[in-house]
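K.L.:
model this:
(chains A and B)
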Amino acid sequence: MATPAISTVGLGKQYSGSKVFALNDLNLDIAAGEVYGFLGPNGAGKTTTIRLLMNFIQPSKGGANILGGDVVKDSVAIHKEVGYISGDGGLYPKMTTTQLLKYMTELRPLKRRKALAELIKGFDVSMNIKIRELSRGNRQKVAIAQAFMHEPKVLILDEPTSGLDPLMQEQFYQLVKERKQQGAVVFFSSHNLAEVQKVCDRIGFIREGKLISEQSISEVAATAASTFDLTFVGKAPAGELKRIRHAKVTQHTQSHVTVYLRGDLSPLFRTLAHHQVASINQREINLEEEFLSFYRGDK
Amino acid sequence: MIPIIKWTLWQRRWSTIWWCIGITAFITLELSVYSSIRGQADQLNEALKSLPDTVRSLFGSQDLFSPVGYLNSRVFYLLLPLMLSVLTIGLGSSLIAREESDGTLELLLGRPISRGKLVLSKLISGLIIVIAVALVALVVMLILVKIVDLDVPLSNVAVAALLASLLSLLFGTLAFAIASLGRFGRGASIGLASLIGLGGYIISSLESSVNWLGYPAKALPYHYYNPTAVLNGDRPWMVTGVYSLIILVLCLIAWLAFRRRDISA
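P.N.:
From the prediction side, this is the model:
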């Protein structure tokens, strides 16, 4: 295997005054061109991991490498090729977007001037308004622009779509895909599981500072429960449906049920064949259910 | 480094301008009235002698109405170092700490800049602001000394201003070093630096009247600050050198403290 673009070995962080590790023995290997989703509830260790990778905090044990360099010793060289969005979105409130982006460009010159113009146009970034006067969503667009404008090889993004409207979220996913096609590695923490499903190649689930599972999106999808909304002509056969192995049934009205089914779907369709079905709607794979099942300990 | 210095100065441009206006106003107010009291200087000094030593020592001189005594007591003993210290302590406790609490420090450290260069950039920015305000104060003083005909050599006034600026910078770099320690330091920096600055003034003023304050006073920078001697022609290069050395040591402490510590989220 080629050298991973991002790797951690036994990475751990114990904050001073705390008896527990906020992050413990994290081992990751993420290849160039891969989009890695990092999922976990609040306080699980996602932001701690990101802040360790960015060298904002010092590891208590283990280490991490980005593009072959040590994140502590080689941080200056590494940061030439890293784009970062912080979860808190700290931007200079008294500056206009133009001023902020000019400042950031002076600290790390652009490879292509056109790249910034494209971002500004694509995200419809408000340029001449003070950042404190921008809405949460518009501030997030500025955060995206400053992270992507120098076309970095590594993107470390903490909840990057928070505050964005659905249209801008789609624009952002497209941007991530473009960077991925150009060989960039993207480390992406999120609560929004649907977006992880859309853009990530692999997902790491973290709980209480420990990576508890890593799966590719296709693995998650293969083992995930399918969800069907079924409407019957007449009374729904809820009792029959409940007898299907691994099926969970929720009855909404006499004729409308929702069936959650993990694994083989054929028993469901054999049952449906004996009834008059008015409509079948399959929902998208509910990654959220998969996610929650990890935290409930179902998996 | 240059972009950080440039944008830090840009961000602080209005507060720096207001500091210049404020210090100009105070100095003008203090010095412009000298011409109206000059004729009564002898009587006023006689009246002053009737006050207890402790009270007189708080003015920094036993002679308040001669040209040197007036300039010392009205500007150099308290006003100038106090105003410059408020400026430097404010800068020292906020140049990095405010960026950290606002979350903007991550924007800077996420760029290819070392922590050492960041500390140096912020120190240079602070130094430029202090020099600008101190220079305005000096120019205003030199003009007023001429206008109101205070018989003090201008070079002496300039050296006294340099000494007051260095003393204030010492308190500012102390605040900067404490703030660089992290979350605890940010809260403590203004308090501790002000305590050593203002406490030093009070202790050093009273040490001639209160015997037991003599030893603690010797440990404080204010004890060695003697603008009367400078205005009379003394050149305290030793004190200037020691102040500068302490400032450098405090900068080094700030760099060492900031180099490897965790940045607050």
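K.L.:
what residues does chain A put near chain B?
P.N.:
Residues of chain A lying close to chain B by C-beta under 8 Å from any C-beta of the partner chain are A:15, A:47, A:51, A:54-58, A:75-77, A:79-80, A:82, A:84, A:86, A:88-95, A:103-104, A:106-108, A:146. C-beta here means a position set from N, CA and C on the backbone, and glycine is covered the same way.
K.L.:
make a PyMOL selection of the buried ones in the residues you listed.
P.N.:
Listed next is the PyMOL selection for buried residues among the residues of chain A next to chain B, using 16 or more other C-beta atoms under 10 Å in any protein chain shown:
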select buried, chain A and resi 47+51+54+55+56+57+75+76+79+82+84+86+89+90+91+92+95+103+104+107+108+146
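K.L.:
which of the residues of chain A next to chain B fall within strands?
P.N.:
Taking DSSP state E as the definition of strands, the residues of chain A next to chain B contribute A:82, A:84.
K.L.:
in helices, which of the residues of chain A next to chain B fall?
P.N.:
Per DSSP state H, helices hold the following members of those: A:47, A:51, A:75-77, A:103-104, A:106-107, A:146.
K.L.:
quick check: residue A:211 is in a strand.
P.N.:
Yes: judged by DSSP: H, G, I helix; E, B strand; the rest coil, residue A:211 forms part of a strand.
K.L.:
residue in the stretch 151-299 of chain A nearest to chain B?
P.N.:
Nearest to chain B in the stretch 151-299 of chain A, going by C-beta to the nearest C-beta, is residue A:156, at a distance of 8.5 Å.
K.L.:
mind giving me the packing neighbours of the helix or strand that contains that residue?
P.N.:
Using DSSP states H and E, the element containing residue A:156 is strand A:154-158. Judged by 3 or more C-beta pairs under 8 Å, 6 or more residues apart in numbering or on different chains; DSSP states H and E, strand A:154-158 is in contact with helix A:46-53, strand A:82-85, helix A:136-148, strand A:185-190.
K.L.:
neighbouring strands of the second one in the sheet, and parallel or not?
P.N.:
Here strand A:82-85 is paired, per DSSP bridges, with strand A:154-158 (parallel).
K.L.:
what residues sit buried inside the strand it pairs with?
P.N.:
Using 16+ other C-beta under 10 Å as the test for burial, strand A:154-158 gives A:154-158.
K.L.:
what angle sits between it and helix A:46-53?
P.N.:
Going by axes from the mean of the first three to the mean of the last three C-alpha atoms, to 10 degrees, strand A:154-158 is angled at 150 degrees with respect to helix A:46-53.
K.L.:
circling back to that earlier point, can you list contacts of the strand holding residue A:156?
P.N.:
For strand A:154-158, the external contacting residues (C-beta atoms under 8 Å, 6 or more residues apart in numbering or on different chains) are A:5-6, A:46-47, A:50, A:53-54, A:66-67, A:78, A:81-87, A:147-148, A:176, A:179, A:184-189.
K.L.:
mind listing what residue A:278 touches?
P.N.:
A:231-233, A:255.
K.L.:
tell me the pLDDT of it.
P.N.:
Residue A:278 is assigned 92 on the pLDDT scale.
K.L.:
can you tell me the SS state at it?
P.N.:
strand.
K.L.:
from the chain's centroid, how far away is stretch A:20-33?
P.N.:
Its chain's C-alpha centre and that of stretch A:20-33 lie 15 Å apart, by C-alpha atoms, centre = their mean, to the nearest Å.
K.L.:
CA atoms only: put the strand holding residue A:156 into CSV for me.
P.N.:
Only the C-alpha atoms of strand A:154-158 are listed here, as CSV (Å, rounded to 0.1, in the frame of the first residue of the first chain):
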residue,chain,number,x,y,z
VAL,A,154,-5.6,17.6,2.4
LEU,A,155,-8.9,18.9,3.7
ILE,A,156,-9.7,18.6,7.4
LEU,A,157,-13.3,19.6,7.9
ASP,A,158,-15.1,19.8,11.2
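K.L.:
report the buried residues of the longest helix that chain A contains.
P.N.:
In chain A, with assignment by DSSP H, the single longest helix is helix A:166-181. Residues A:168-169, A:171-172, A:175-176, A:179-180 are the ones in helix A:166-181 that count as buried (16+ other C-beta under 10 Å).
K.L.:
pLDDT added to the residues you listed, as JSON lines?
P.N.:
As requested, these are exported to JSON lines (pLDDT from 0 to 100):
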{"residue": "A:168", "pLDDT": "89"}
{"residue": "A:169", "pLDDT": "89"}
{"residue": "A:171", "pLDDT": "90"}
{"residue": "A:172", "pLDDT": "91"}
{"residue": "A:175", "pLDDT": "93"}
{"residue": "A:176", "pLDDT": "93"}
{"residue": "A:179", "pLDDT": "92"}
{"residue": "A:180", "pLDDT": "92"}
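K.L.:
my guess is residue A:52 meets residue A:23, correct?
P.N.:
Yes: the pair residue A:52 / residue A:23 is scored as a contact, 7.0 Å apart, by C-beta atoms under 8 Å.
K.L.:
mutual contacts of the two, please.
P.N.:
Common contacts of residue A:52 and residue A:23 (C-beta under 8 Å, 6+ apart): A:11, A:13.
K.L.:
ok, for the most centrally placed residue in chain B, nearest residue in space, not its chain neighbours?
P.N.:
Nearest to the geometric centre of chain B sits residue B:168, at 2.1 Å (C-alpha atoms, centre = their mean). Among residues not flanking residue B:168 along the chain, residue B:84 sits closest, at 3.5 Å (C-beta to C-beta, 6 or more residues apart in numbering or on different chains).
K.L.:
put the alpha carbons of the helix or strand that the one you found is a member of into PDB.
P.N.:
Residue B:84 is part of helix B:79-94 when elements are defined by DSSP H and E. Provided in PDB are the C-alpha atoms of helix B:79-94 (Å, rounded to 0.1, in the frame of the first residue of the first chain):
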ATOM      1  CA  LEU B  79       0.600  60.000  34.100                       C
ATOM      2  CA  LEU B  80       2.800  58.900  31.200                       C
ATOM      3  CA  PRO B  81       3.900  55.500  32.600                       C
ATOM      4  CA  LEU B  82       0.300  54.900  33.900                       C
ATOM      5  CA  MET B  83      -1.300  55.600  30.500                       C
ATOM      6  CA  LEU B  84       1.400  53.700  28.500                       C
ATOM      7  CA  SER B  85       1.100  50.800  31.000                       C
ATOM      8  CA  VAL B  86      -2.700  50.600  30.600                       C
ATOM      9  CA  LEU B  87      -2.000  50.500  26.800                       C
ATOM     10  CA  THR B  88       0.800  47.900  27.000                       C
ATOM     11  CA  ILE B  89      -1.000  45.600  29.500                       C
ATOM     12  CA  GLY B  90      -4.100  45.800  27.400                       C
ATOM     13  CA  LEU B  91      -2.100  44.800  24.300                       C
ATOM     14  CA  GLY B  92      -0.100  42.200  26.100                       C
ATOM     15  CA  SER B  93      -3.200  40.500  27.500                       C
ATOM     16  CA  SER B  94      -5.100  40.500  24.200                       C
END
